[in-house]
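Chemist: All I have is the shape, not the residue letters:
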């Protein structure tokens with residue numbers, strides 16, 4: 001009887017505890033799911049608000065809006081803003097799938113209802129009479145602010161709809177900052193309908209809305225329920241600055257869990273409270289089913305327990321002492337097992353700490369190695385650029401010094417012109433080094449146009465250009481190098497003259513470096529089937545087989561800190577671009593021979609198109625030149641004035657735009673990177689005023705820009721520029737006009 005009572009009491013208590021535990025777990029999981037969905041809703045709201053602010057900020061920064069305020073064109077302010085606002089709000093959606101924010105592509109989020117401008121005193125700037133729109137919201141005619149906002153403000157306002165109902169709206173205030181004083185000169189107010197999430201995002205009957213100033217904006221909610229929820233929210237939020245919480249309420253006889261949280265509490269406008277209602281009917285039904293399942297299982301357990309107790313009472317007769325001994329032994333084994341478990345847990349914790357420390361050290365070492373490799377690669381590339389520039393500077397410095405120190409050279413006009421031609425050619429090659437820098441990050445463009453080249457003439461020119469290196473410098477060091485040209489006449493090849501000149505210059509300089517004690521450099525040319533063969537041999541130190549196989553690899557060098565490993569790899573890349581080949585014959589201690597094969601110009605290939613007539617235009621043009629560098633402005637002005645053009649100068653984009661408005665110009669020539677206003681921004685403003693005025697952009701970044709990304713530019717030119725190229729550009733825009 002005693003055992004039966006004990007079994008009965010234990011079973012009832014177990015059923016009660018299990019039921020309590022299951023109910024608590026279910027409620028906890030339910031709250032976690034509700035909080036997760038509510039946080040996702042908050043994330044969507046924040047992301048959408050950020051997108052709205054970004055688009056309003058983009059509208060406030062448009063040059064046309066600034067021009068309307070700064071130039072007094074307020075009569076065009078609202079028509080311009082209306083067109084631009086429609087274009088910005090209908091452009092690509094900023095929210096994308098990923099993270100906690102779902103993809104809202106295609107959903108209607110930006111429902112602009114109203115927009116107005118405030119002056120520098122915070123008062124409303126009324127629109128023109130003919131621009132009063134049909135979407136004017138009642139009660140919002142006299143929007144104003146005590147002071148213009150220093151940064152974007154987001155909040156909520158309400159308006160009387162005229163039907164005894166107060167509508168809730170989201171408002172964004174964006175300052176319009178002066179480009180000259182960097183202070184707000186006006187403000188833009190844009191009013192949106194509150195965010196209404198698509199039905200595909202609100203699962204299982206979830207509802208969402210906004211509560212502002214005691215008014216609830218909740219779709220598909222009966223009026224009596226809406227008024228009751230407004231009173232419940234007022235009581236829950238009374239006397240609390242940090243509004244956040246939840247409570248249960250009913251809508252249309254259905255129970256919901258209501259979560260609320262205040263948004264943008266620091267706004268100058270009324271802060272909104274985001275509302276989310278989650279239905280509890282399914283959870284209550286599930287809880288009822290679980291309760292009856294537990295009761296049923298408990299009854300079965302009770303019956304089984306009673307039967308087992310009767311069986312044990314009737315059949316088992318184990319002595320109490322034996323039970324005590326067994327219990328004591330079990331207790332000792334349990335104590336030993338617990339002690340062993342504690343020791344093992346401590347060991348595992350220690351090893352886990354050691355492994356974590358080792359892993360952190362490995363990550364730090366890996367990041368250190370990556371940084372070192374990046375710095376090493378950048379240093380080697382910088383050394384390679386310096387190497388190519390130094391190669392180009394050798395004839396520039398050498399021949400200019402000869403002209404400076406040798407009066408006889410200046411007196412001999414033919415000789416002086418020859419030296420000047422060499423200096424001009426070397427300077428052009430130095431400029432090409434900059435243009436080839438983009439090969440490190442951009443693939444070679446297809447459709448390169450090559451000119452017809454005389455290989456023999458080009459080699460003779462390179463021998464003369466490198467003479468200061470292989471003769472003058474080496475003789476000053478007490479070393480003599482003989483140069484033996486064995487140049488046969490070969491048909492013309494098609495190629496980039498500057499790039500091939502760099503190839504031959506690199507090979508000659510490498511040959512000089514390979515003969516520290518002097519020797520002979522031999523250059524030969526011959527025809528071999530459809531190829532022009534150029535051999536450049538030296539009697540220097542030569543290369544081992546391993547070095548010969550790897551010498552064309554980028555960054556591979558045997559010169560230590562003096563070398564960059566980029567010279568021969570650049571030679572190989574240029575020859576490949578010309579669909580040619582490079583072979584190397586070398587033996588350690590016996591010199592090296594480089595054999596280059598370049599395809600001959602096909603007989604049926606069209607001759608290179610003659611350059612456009614670079615002569616000055618027959619008519620004089622009024623040209624505006626804008627550049628922040630005084631030397632560049634004066635040089636361009638001198639070139640244009642020499643051709644008979646009328647030139648006006650400006651030092652930056654703002655001054656250039658002012659000068660353009662005050663005068664009449666046939667052409668604008670501008671730099672890109674300038675203070676206050678860049679050249680492309682000025683070009684866009686000029687195209688707004690006179691779309692037919694051609695604009696030429698002359699910039700040092702020309703090799704790295706794409707004209708397709710500059711819609712206001714007619715021609716894109718790179719610095720440095722010569723007289724002939726500038727004349728070609730003038731001819732091109734004038735012919736197009």
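Modeler: It's in. Only a predicted model underlies this, so the values are computations on that prediction, with no experimental measurement involved.

Chemist: alpha carbons only for contacts and neighbour counts from here, please
Modeler: Will do.

Chemist: what about residue 516, neighbour count?
Modeler: Using other Cα atoms under 10 Å, residue 516 has 15 neighbouring residues.

Chemist: May I ask which helix or strand encompasses residue 400?
Modeler: Residue 400 is part of helix 320-405 when elements are defined by DSSP states H and E.

Chemist: cool, and residue 86?
Modeler: helix 77-89.

Chemist: What helices and strands are in contact with the next helix or strand after that helix?
Modeler: Per DSSP H and E, the first helix or strand lying C-terminal to helix 77-89 is strand 112-118. Judged by 3 or more Cα pairs under 8 Å, 6 or more residues apart in numbering; DSSP states H and E, strand 112-118 is in contact with strand 124-125, strand 184-192.

Chemist: again, only this time at 10 Å
Modeler: Packing partners of strand 112-118 (3 or more Cα pairs under 10 Å, 6 or more residues apart in numbering; DSSP states H and E): helix 77-89, strand 124-125, strand 166-177, strand 184-192.

Chemist: Burial-wise, tell me which of the ones you listed comes out on top.
Modeler: Neighbour counts (mean count of other Cα atoms under 10 Å) averaged over each of the helices and strands packed on strand 112-118 peak at strand 166-177, with a mean of 24.

Chemist: relative orientation of it and strand 184-192 in degrees?
Modeler: 150 degrees (axes from the mean of the first three to the mean of the last three Cα atoms, to 10 degrees).

Chemist: Could you spell out the sheet neighbours of strand 166-177, each with its direction?
Modeler: Take DSSP bridges as the rule and strand 166-177 pairs in its sheet with strand 153-160 (antiparallel), strand 184-192 (antiparallel).

Chemist: Now that strand: average pLDDT?
Modeler: Over the span of strand 166-177, the pLDDT mean works out to 81.

Chemist: quick one: it to strand 112-118, angle?
Modeler: 40 degrees.

Chemist: picking that back up, can I get the strands paired with strand 166-177 in TSV with distance to residue 278?
Modeler: TSV is the format used below for these (distance: least, Cα to Cα, whole Å):
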stretch	distance to residue 278
strand 153-160	24
strand 184-192	26
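
Chemist: Rebuild the ones you listed as JSON lines, extending it with distance to residue 228 and mean pLDDT.
Modeler: Shown next, in JSON lines, are the strands paired with strand 166-177 (distance: least, Cα to Cα, whole Å; pLDDT from 0 to 100):
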{"stretch": "strand 153-160", "distance to residue 228": "19", "mean pLDDT": "77"}
{"stretch": "strand 184-192", "distance to residue 228": "26", "mean pLDDT": "84"}
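
Chemist: so which of those strands comes closest to residue 630?
Modeler: When the strands paired with strand 166-177 are compared by Cα to Cα, strand 184-192 sits nearest residue 630, at 32.5 Å.

Chemist: for the closest one, the distance to its chain's centre please.
Modeler: Here strand 184-192 is found 28 Å from its chain centre; the criterion is Cα atoms, centre = their mean, to the nearest Å.

Chemist: right, and the helix or strand after that strand?
Modeler: strand 207-212.

Chemist: Is residue 624 in a helix, a strand, or coil?
Modeler: At residue 624 the chain is in strand, as set by DSSP: H, G, I helix; E, B strand; the rest coil.

Chemist: repeat for residue 533
Modeler: Applying three-state DSSP: residue 533 is strand.

Chemist: just residue 427 next, same as before
Modeler: helix.

Chemist: can you pull the buried residues of whichever strand or helix holds residue 510?
Modeler: For residue 510, the host element (DSSP H and E) is helix 497-513. Residues of helix 497-513 classed as buried: 497-508, 511-512 (neighbour count, 16 or more other Cα atoms under 10 Å).

Chemist: ok, now which ones touch residue 230?
Modeler: Residues in contact with residue 230, defined by Cα atoms under 10 Å, 6 or more residues apart in numbering, are 211-217, 224, 236.

Chemist: Counting neighbours, which of those residues end up buried?
Modeler: With burial judged by 16+ other Cα under 10 Å, the buried subset of the contacts of residue 230 is 211-212, 215-217, 236.

Chemist: Identify the farthest-apart pair in those residues.
Modeler: By the measure Cα to Cα, 217 and 236 form the most distant pair in the buried ones among the contacts of residue 230, at 17.5 Å.

Chemist: in this protein, what secondary structure element scores lowest on mean pLDDT?
Modeler: helix 320-405 (a mean of 70; mean pLDDT, DSSP states H and E).

Chemist: any idea which helix or strand comes after that one?
Modeler: helix 407-411.

Chemist: now that following helix: mean pLDDT?
Modeler: In this model, helix 407-411 has an average pLDDT of 75.

Chemist: again with stretch 498-512
Modeler: 90.

Chemist: on that earlier part again, what is the helix holding residue 510 packed up against?
Modeler: Under the contact definition 3+ Cα pairs under 10 Å, 6+ apart, helix 497-513 sits against helix 320-405, helix 413-435, strand 451-453, helix 455-465, strand 519-528, strand 531-538, helix 567-577, strand 592-599.

Chemist: One more pass at 7 Å, please.
Modeler: helix 455-465, helix 567-577 (3 or more Cα pairs under 7 Å, 6 or more residues apart in numbering; DSSP states H and E).

Chemist: So for residue 620, which of those sits nearest?
Modeler: Here helix 455-465 is closest among the helices and strands packed on helix 497-513 (Cα to Cα), at 38.6 Å.

Chemist: what's the closest one in contact with?
Modeler: Outside helix 455-465, the residues that touch it by Cα atoms under 7 Å, 6 or more residues apart in numbering are 395, 422, 487, 489, 492, 501, 504-505.

Chemist: Show me which of those residues is closest to residue 362.
Modeler: The shortest gap between residue 362 and any of the contacts of helix 455-465 belongs to residue 505, at 45.8 Å (Cα to Cα).

Chemist: Tell me how many other residues crowd the nearest residue to that closest one once chain neighbours are set aside.
Modeler: Among residues not flanking residue 505 along the chain, residue 462 sits closest, at 6.4 Å (Cα to Cα, 6 or more residues apart in numbering). Residue 462 is flanked by 21 other residues according to other Cα under 10 Å.

Chemist: report the angle between the axes of the helix holding residue 510 and strand 519-528?
Modeler: Using the same axes, to 10 degrees, helix 497-513 lies at 140 degrees relative to strand 519-528.

Chemist: mind pulling up the phi and psi values for residue 145?
Modeler: phi -140, psi 150 (degrees, to the nearest 10).

Chemist: list the contacts for it?
Modeler: 122-123.
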